[in-house]
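Q: Attaching a predicted model along with its sequence, questions to come.
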Amino acid sequence: MNAIFQRRSIRKYTGEHVSREMVKQLLEAAMAAPSAGNQQPWEFVVVRDKEVLQKLTEVSPYTKMLKEADLAIVVCGDEAKEKHKGYWVQDCSAATENILIMAAHLGLGAVWCGIYPVDERVVGVKNILGLPQSVIPLGIIAVGHPAEHKEPANRYDESKIHYDRW
C-alpha cells in the first residue's frame, strides 16, 4: 500500500540518469498487469534521445516535463494482438499504473500523459516514433529522479461507494 499511496504525479526531475536495471523493473511491472483473456496487447517504446523527447513535447501541451525527464516510456496497444476487441485500452492502462507504482517504489518520479483518444496526439506520436499501423499510443510516462516532493495522497471518499444498487 505504501507504493500506491506514495505514487504522485511528479513533473520535475534532477536530470540524474535512471539505470537500465530500473527501466527493466518498470517494464517487468508493466507486463505483470492483467489483460483481457491474457492477450497482453501492450508494446513499449523507451525514449532516451533528447531530440525525440523534445519532438514529443510538441504533440501535446501536457508533456513539457519530457524536456527534464531522463526518459519516457510510451505505452502502446497493438490492435493486431487483440483477442478481445477494444480491451487494449484497459490492458495498457493497467500496465501504465503498474509502471507508476513501481516508479514510486523505486524512488523515481513519473507522470502519465494521455495521448489516446485525441487523434492529433495519436498521429503525432505514431509519426515521431514510426509506429506500425496496428499500434496505437495510449500514453507517455515521463520518468526521472524527482526534483520535487509531494505528500502521499489518500483520496478515499465514502460518498463514491454504492452497495448493490446506486
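A: That came through, no problem.

Q: Only C-alpha atoms from now on, for both contacts and neighbour counts.
A: Fine.

Q: what does the longest helix anywhere in the chain rub up against?
A: Scanning the chain for the longest helix, with DSSP state H as the assignment, gives helix 88-105. Helix 88-105 is touched from outside by 3-4, 6-8, 25-27, 29-36, 40-42, 75-79, 82, 109-112, 138, 141, 143, with contacts defined as C-alpha atoms under 8 Å, 6 or more residues apart in numbering.

Q: Buried ones in it, by neighbour count?
A: Of all the residues in helix 88-105, those buried under the rule 16 or more other C-alpha atoms under 10 Å are 88-89, 91-105.

Q: Helices of this protein, start to end?
A: Using DSSP H, helices in the chain cover 2-6, 20-31, 50-57, 88-105, 119-129.

Q: What angle do helix 20-31 and the longest one make with each other?
A: Orientation note: helix 88-105 sits at an angle of 140 degrees relative to helix 20-31 (axes from the mean of the first three to the mean of the last three C-alpha atoms, to 10 degrees).

Q: could I have helix 88-105 exported to PDB, CA atoms only?
A: Provided in PDB are the C-alpha atoms of helix 88-105 (Å, rounded to 0.1, in the frame of the first residue of the first chain):
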ATOM      1  CA  TRP A  88      -6.300  -3.000 -25.300                       C
ATOM      2  CA  VAL A  89      -7.100   0.400 -23.600                       C
ATOM      3  CA  GLN A  90      -7.900  -1.300 -20.300                       C
ATOM      4  CA  ASP A  91      -5.000  -3.700 -20.600                       C
ATOM      5  CA  CYS A  92      -2.500  -0.900 -21.300                       C
ATOM      6  CA  SER A  93      -4.000   1.300 -18.600                       C
ATOM      7  CA  ALA A  94      -3.300  -1.400 -16.100                       C
ATOM      8  CA  ALA A  95       0.300  -1.700 -17.400                       C
ATOM      9  CA  THR A  96       0.700   2.000 -17.100                       C
ATOM     10  CA  GLU A  97      -0.500   2.100 -13.500                       C
ATOM     11  CA  ASN A  98       1.900  -0.700 -12.600                       C
ATOM     12  CA  ILE A  99       4.800   1.400 -14.100                       C
ATOM     13  CA  LEU A 100       3.700   4.400 -12.000                       C
ATOM     14  CA  ILE A 101       3.500   2.300  -8.800                       C
ATOM     15  CA  MET A 102       6.900   0.600  -9.400                       C
ATOM     16  CA  ALA A 103       8.400   4.000 -10.100                       C
ATOM     17  CA  ALA A 104       7.200   5.200  -6.700                       C
ATOM     18  CA  HIS A 105       8.600   2.000  -5.100                       C
END
